[in-house]
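> need coordinates for the following:
(4 chains)
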Protein chains: 2
Amino acid sequence: MSLDRVFHAVADPTRRAIVERLTRGPASVSDLARPLPMSLAAVVQHLQVLEGSGLVRSEKVGRVRTCRLDPAGLRAAEDWLHGRRTDWEDRLDRLGDVLADEPRSDEGAAP
Amino acid sequence: MSLDRVFHAVADPTRRAIVERLTRGPASVSDLARPLPMSLAAVVQHLQVLEGSGLVRSEKVGRVRTCRLDPAGLRAAEDWLHGRRTDWEDRLDRLGDVLADEPRSDEGAAP
DNA sequence: CAGATTGTTAAGCGTCCACTTGACTGTTGC
DNA sequence: GCAACAGTCAAGTGGACGCTTAACAATCTG
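Purely as a prediction, here's the structure:
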């Protein structure tokens, strides 16, 4: 479950469309391919990327493979982004506090 | 500010390292390059990708370019992932409710 | 069984990507 | 002025990516 693979998987608009489709419930490979402007083989390749990233699981029964979302990968990526963003915003807040306490630079630290 | 660009930017470990470094405060191009095992020119190219994605802003004063994080891009990507994940989890919850209300399949919808 | 459906696999093709080297521009400090 | 510094730009390279076609395997249906 590497962030490399998850972010790379989700960087492609076709793969994001597949993820969005799977949000509304499991689907077969053909179901996923039907609205997409490319060959079935191409969709299978996208699914391999998604499955390799851990975002999607699938099982084959008979001749149809059913794909469904696995939220763990989404959560890991989400957490990384959230952490970076909040770290940065918290830092800006603290910086704001310091500037508010000491508005003029020609004044000593302990007035 | 396209998700394509943001996710692609953050799919590379070098660029994620740069983002993490910028979390702790602004830095010059050379500062960012120092710990990285590649040429300055390569780092500049990574910064162009990050800047093109909206994750990083920079300004040049004198001969030094100072880079800082822009949380808006992080937030957009985070929101997309969060939306997909919660949509899916909410769906599973509702499915669980239905199964709990109607445990046996040979029973009518309105007992 | 014959034929249609569902998917898998491999090869090929053009493009994009990460990185390098080298030449070059503008800035700062002695 | 000149040397060191900070960064930029352009061209080239090897590999990964997205997609196609074509041949194939397995399963279901009449």
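> list, one by one, the residues from chain A near DNA strand D.
By CB under 7 Å from any atom of the strand, the residues of chain A that approach DNA strand D are A:8, A:11-12, A:14, A:37-39, A:41-42, A:45-46, A:49, A:61-63. Just so you know, the C-beta spots here come from the backbone N, C-alpha and C atoms, and that holds for glycine as well.
> recalculate using a threshold of 10 Å.
Applying CB under 10 Å from any atom of the strand, we find that chain A lies next to DNA strand D at A:4-5, A:8-9, A:11-15, A:33, A:36-46, A:48-49, A:52, A:60-64.
> what residues does stretch A:10-20 touch?
Residues outside stretch A:10-20 that contact it (CB atoms under 8 Å, 6 or more residues apart in numbering or on different chains) are A:9, A:32, A:35-36, A:38, A:43, A:46-47, A:49-50, A:53, A:55-56, A:69, A:77, B:3-4, B:7-8, B:11, B:80-81, B:84.
> what's the distance between A:Gly73 and A:Thr14?
In this view, A:Gly73 and A:Thr14 are 17 Å apart by CB to CB, to the nearest Å.
> of those two, which one has the most company?
A:Gly73 (25 against 16; other CB atoms under 10 Å in any protein chain shown).
> pLDDT averaged over stretch A:81-101 - what is it?
Averaging pLDDT along stretch A:81-101 yields 84.
> cool, and stretch A:27-34?
pLDDT averaged over stretch A:27-34 gives 98.
> can I get it as PDB, trimmed to CA atoms?
Provided in PDB are the C-alpha atoms of stretch A:27-34 (Å, rounded to 0.1, in the frame of the first residue of the first chain):
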ATOM      1  CA  ALA A  27     -19.500  -3.500 -11.000                       C
ATOM      2  CA  SER A  28     -18.200  -5.900 -13.600                       C
ATOM      3  CA  VAL A  29     -15.300  -5.100 -15.900                       C
ATOM      4  CA  SER A  30     -17.800  -4.600 -18.800                       C
ATOM      5  CA  ASP A  31     -20.000  -2.400 -16.700                       C
ATOM      6  CA  LEU A  32     -17.000  -0.200 -15.900                       C
ATOM      7  CA  ALA A  33     -15.800  -0.200 -19.600                       C
ATOM      8  CA  ARG A  34     -19.200   0.600 -21.200                       C
END
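> got the buried residues for it?
Within stretch A:27-34, the residues scored as buried using 16 or more other CB atoms under 10 Å in any protein chain shown are A:Ala27, A:Val29, A:Leu32, A:Ala33.
> I'd like those as JSON lines, with distance to chain B and secondary structure appended.
Below are the buried residues of stretch A:27-34 laid out as JSON lines (distance: CB to the nearest CB, whole Å; DSSP: H, G, I helix; E, B strand; the rest coil):
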{"residue": "A:Ala27", "distance to chain B": "13", "secondary structure": "strand"}
{"residue": "A:Val29", "distance to chain B": "19", "secondary structure": "helix"}
{"residue": "A:Leu32", "distance to chain B": "15", "secondary structure": "helix"}
{"residue": "A:Ala33", "distance to chain B": "20", "secondary structure": "helix"}
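> between those, which is nearest DNA strand D?
If you rank those by distance to DNA strand D using CB to the nearest atom of the strand, A:Ala33 comes first, at 9.6 Å.
> which residues are in contact with that closest one?
A:Ala33 makes contact with A:Leu40, A:Val43, according to CB under 8 Å, 6+ apart.
> can you report phi and psi for A:Leu47?
When read as degrees, to the nearest 10, the backbone of A:Leu47 gives phi -60, psi -30.
> repeat for the one 4 residues further on
With angles defined as degrees, to the nearest 10, A:Glu51 sits at phi -70, psi -40.
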